[in-house]
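>>> Build me a model from this:
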Amino acid sequence: MKKIIFATLSCLIGLSTMHAQTAAPPSATHAQPRIGILLLAHGGSVQTWDEDVRHVADQVDLSVPTEVAFGMATRSSMQAAVNRLVARKVTAIVAVPLFINSHSSLIDSISYLLGLRSQQPEDLKMFAMMDNGAGGMAMDHSAMKHDPSEAMKPVTSAVPIRMASALDHHRIVADILNDRAASISHDPTHEVVVLVAHGPVEDEENNLWLHDMSILADEMRSQSHYAGIEFMTLRDDADKSVRDAATQQLRGKVEKITQSGNTALIVPLLLSYGGIEGGLRDRLNDLTYRMSSQGLLPDKRIANWVLATTQTESSSNPAQK
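Numbers count the residues shown, from 1 in each chain. Predicted coordinates:
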């Protein structure tokens, strides 16, 4: 992993602009361009959640200028973070969504606010109503703006902005999930890991989440010897009928695992615990299982992922804004 970090830093330090530079005479050459990272994350109601995210940002900031924007497509927070990066003399920004999956109206809304998507998502108005103008602090869902028009305008930036993918099915995620399972494992050959994610509202997006989770499960299988690895989404924000069906699916999986003589190892695919794990335990009431006590954070490998995904985005795509 150290090789990944060193390679990432070398590429970031050596990044050059994608246009016109070859025409400049040697005497006009300036200092190497500076990439800045806009780390996007959902603000948490639990203090440790935000602290975990800020710790990731602090670790990345040791190598690449990094600023955090908390919230759900919260323009005020994003604009403030962009302004801070520009003030730090970066010449291009890579937005890195520290979210479990890229397939959601939230990510689409963020992309629109960064000027990378021409069509305004339908859900953006809902997110804009939640923008309390915190300017970088965690979002307060109770603070509702009467006029969300300002919160629906794309941010302004004096430098180009690009956007990377969320965690999705990155191998680092599979590595961390395997470690979380191992922390509660006693006898892998008689245990079945069940990956459980929050999931989106729409069926089409949920299928994309499940596809990414299947890739994670395949990677985990290649590194372990469990009796099985299964996965599902809870879809807490969907209609009650959808949530109830997900609860029955989860309970059915655990009951079947127990009846087969194995033990269910519940491994939530969450960035950090902040309440959802309590609801998960309620769903599993009276069943036999063991559950990981930690989400993906805190873990230093997430900072490695931020650096790696920034390198990939910087190397493969021209400036988008």
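
>>> make it CA atoms for all contacts and neighbour counts henceforth
Will do.

>>> where along the stretch 101-250 of the chain do the helices fall?
Secondary structure of the stretch 101-250 of the chain (DSSP state H, counting those that start in this stretch): helices at 105-113, 124-128, 171-182, 203-223, 240-259.

>>> so can I have a markdown table of these showing mean neighbour count?
Output for those, formatted as a markdown table (neighbours: other CA atoms under 10 Å):
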| stretch | mean neighbour count |
| --- | --- |
| helix 105-113 | 22 |
| helix 124-128 | 21 |
| helix 171-182 | 20 |
| helix 203-223 | 17 |
| helix 240-259 | 16 |
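
>>> which stretch in those helices has the least confidence?
Least confident of those, judged by mean pLDDT, is helix 124-128 with a mean of 82.

>>> Identify all contacting residues around that one.
Applying CA atoms under 8 Å, 6 or more residues apart in numbering, the set of residues contacting helix 124-128 from outside is 72-75, 105-106, 109, 145, 148-149, 151-152.

>>> Past the helix or strand where V82 lies, which element shows up next along the chain?
Per DSSP states H and E, V82 falls inside helix 75-87. Tracing the chain C-terminally past helix 75-87 and defining elements by DSSP H and E, one meets strand 92-97 next.

>>> That following strand: how far from the chain's middle?
Distance of strand 92-97 from its chain centroid, counting by CA atoms, centre = their mean, to the nearest Å, is 13 Å.

>>> other SSEs contacting that strand?
On a contact count with 3 or more CA pairs under 8 Å, 6 or more residues apart in numbering; DSSP states H and E, strand 92-97 meets strand 35-41, strand 161-163, helix 300-316.

>>> The first one - contacts with which helices or strands?
Counting contacts by 3+ CA pairs under 8 Å, 6+ apart, the secondary-structure elements packed against strand 35-41 are strand 66-70, helix 75-87, strand 92-97.

>>> Export only the CA atoms of the helix holding V82, formatted as PDB.
Below are the C-alpha coordinates for helix 75-87, written out as PDB (Å, rounded to 0.1, in the frame of the first residue of the first chain):
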ATOM      1  CA  ARG A  75     -24.200  24.400  -2.000                       C
ATOM      2  CA  SER A  76     -23.100  26.800   0.700                       C
ATOM      3  CA  SER A  77     -20.700  24.200   2.200                       C
ATOM      4  CA  MET A  78     -19.300  23.300  -1.200                       C
ATOM      5  CA  GLN A  79     -18.800  26.900  -2.200                       C
ATOM      6  CA  ALA A  80     -17.000  27.700   1.000                       C
ATOM      7  CA  ALA A  81     -14.700  24.700   0.500                       C
ATOM      8  CA  VAL A  82     -14.000  25.600  -3.100                       C
ATOM      9  CA  ASN A  83     -13.200  29.200  -2.000                       C
ATOM     10  CA  ARG A  84     -10.700  27.800   0.600                       C
ATOM     11  CA  LEU A  85      -9.000  25.700  -2.000                       C
ATOM     12  CA  VAL A  86      -8.700  28.600  -4.400                       C
ATOM     13  CA  ALA A  87      -7.300  30.800  -1.500                       C
END
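
>>> Lowest average pLDDT across the helices and strands packed on strand 92-97?
helix 300-316 (a mean of 93).

>>> Can you name every helix or strand that that helix contacts?
Counting by 3+ CA pairs under 8 Å, 6+ apart, helix 300-316 packs on helix 2-13, helix 47-61, strand 92-97, strand 161-163, helix 171-182.

>>> looking at these, which is buried most?
Scoring the helices and strands packed on helix 300-316 by mean neighbour count under mean count of other CA atoms under 10 Å gives strand 92-97 as the most buried, with a mean of 25.

>>> Mean neighbour count, the helices and strands packed on strand 92-97: which tops it?
Highest mean neighbour count of these: strand 35-41, a mean of 26 (counted as mean count of other CA under 10 Å).

>>> what inclination does that one have with respect to strand 92-97?
For strand 35-41 against strand 92-97, the angle between stretch directions is 20 degrees (axes from the mean of the first three to the mean of the last three CA atoms, to 10 degrees).

>>> next one: stretch 301-319 to chain centre, how far?
Counting by CA atoms, centre = their mean, stretch 301-319 comes out at 13 Å from the chain centroid.
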